[in-house]
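Asks: 3D, please:
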Amino acid sequence: MTDQSKTLPPGKPKRSASGDYEVGYCKPPYQTRFQKGVSGNPGGRPRGITMERAKMLALKEAYRSIPVREGGKVSSMPAIQVVMRSLVTLAAKGNGPAQRACIEMVQAIERDRAIEAKAKAEAEAMSPMSTYEMARRVAFLLVTGAQEGEKLNLPPIFRPDTSTEKVEKP
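Replies: Below is the predicted model of the structure:
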């Protein structure tokens, strides 16, 4: 041991006369230490599976083609279609849980279709009118407005001009 190590407190790094740091156990060289403000793991811990990724994987598997033997021939169809066929087959054979699942699935699909149809009907009702339809409606309002103006005894200034007389210019 050197004199210098005796004079320094135990937590301080030991330096030689040349100013170099003494490298040893748990004492890496200064040049290889992490720089201030720079992370030692810039990418960070890889994230786990997210909900979107899980949904994507589930859909990928559901639509993956599977070879199926029907009768004497082999055909390929999506996995979800194979599952639906087996569910319907079980339900038709009298399996109670399969029957409930099949009925709930069909009812959910029918509800979704009804909601979509209602939204489509509302969107069509709110769609912009053609110029022809607008002109037809304005003409109707002008004709009925003239008739209503006479019934309400409105001053002539508020009544639309309904005279069919042609005014001749002198």
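Asks: in which helix or strand does the residue most central in space within the chain reside?
Replies: Here the mean C-alpha position of the chain is nearest to the C-alpha of Glu52 (Cα atoms, centre = their mean), at a distance of 9.6 Å. According to DSSP states H and E, Glu52 maps onto helix 51-62.
Asks: which strands and helices lie in contact with the next helix-or-strand element following that helix?
Replies: Secondary structure here is assigned by DSSP H and E; on that basis, the next helix or strand after helix 51-62 toward the C-terminus is strand 65-70. Where contact means 3 or more Cβ pairs under 8 Å, 6 or more residues apart in numbering; DSSP states H and E, strand 65-70 is packed against strand 73-78, helix 79-93. Where you see a C-beta, it was placed from the backbone N, CA and C, and this is true even at glycine.
Asks: what angle do the longest one and helix 51-62 make?
Replies: Compare the direction of helix 79-93 with that of helix 51-62 by axes from the mean of the first three to the mean of the last three Cα atoms, to 10 degrees and you get 70 degrees.
Asks: list the buried ones in helix 79-93?
Replies: Burial within helix 79-93, assessed by neighbour count using 16 or more other Cβ atoms under 10 Å, is assigned to 87-88, 90-91.
Asks: identify the residues contacting stretch 119-132?
Replies: The list of residues contacting stretch 119-132 from outside it, by Cβ atoms under 8 Å, 6 or more residues apart in numbering, reads Arg137.
Asks: switch the cut-off to 10 Å
Replies: By Cβ atoms under 10 Å, 6 or more residues apart in numbering, the surrounding residues in contact with stretch 119-132 are 134-137.
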